[in-house]
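> my questions concern the predicted model and sequence given below.
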Amino acid sequence: MKIEELKIKYPSGFEHAVHMAKEEMDQHLRLMAALKMFELGKVSSGNAAELAGISRAEFFETCGRYRVSIFNYPPEEIEEEIKKDLDALQRLSSK
């Protein structure tokens, strides 16, 4: 998979204002972007998890912590998402 890079400008010392190290702030900003884009229906949970750098299960757990509903699929995507989940469940149960 090809990886792209996005640079974000922020005021000097901002990481101190939010009480985070630069690396921690980078991870947190990616997580916040992933959560909001998922909440708005712009990306799937899998894509959001990938952006955040965590597993899909961890992403769903994080949604709960930040009160982002995981049930925000457009009607036309629900069937596809359920099939993906069932396939993943079958793979796990066959191990």
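Right, received. Where do you want to start?

> every contact and neighbour count from this point should use C-alpha atoms.
Fine.

> so residue 32 versus residue 51, what's the distance?
For residue 32, the distance to residue 51 equals 10 Å [C-alpha to C-alpha, to the nearest Å].

> surely residue 21 touches residue 15?
Yes. Because the distance of 6.1 Å satisfies C-alpha atoms under 8 Å, residue 21 is recorded as touching residue 15.

> of those two, who's got more company?
Using other C-alpha atoms under 10 Å, the more surrounded residue of residue 21 and residue 15 is residue 15, with 16 against 11.

> for residue 55, what are its contacts?
Each residue near residue 55 by C-alpha atoms under 8 Å, 6 or more residues apart in numbering is listed here: 46, 49.

> repeat that for 10 Å
Taking C-alpha atoms under 10 Å, 6 or more residues apart in numbering as the definition of contact, the neighbours of residue 55 are 45, 46, 48, 49, 61.

> using CSV, lay out these together with secondary structure.
Converted to CSV, the contacts of residue 55 look like this (DSSP: H, G, I helix; E, B strand; the rest coil):
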residue, secondary structure
45, helix
46, helix
48, helix
49, helix
61, helix
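
> which among these gets closest to residue 77?
Looking at the contacts of residue 55 and their distance to residue 77, the nearest is residue 45, at 11.8 Å (C-alpha to C-alpha).

> what's the distance between that closest one and residue 76?
Computed as C-alpha to C-alpha, the residue 45 to residue 76 distance reads 15 Å.

> the two - which one has more neighbours?
Neighbour comparison, residue 45 and residue 76: the larger count goes to residue 45, with 25 against 8 (by other C-alpha under 10 Å).
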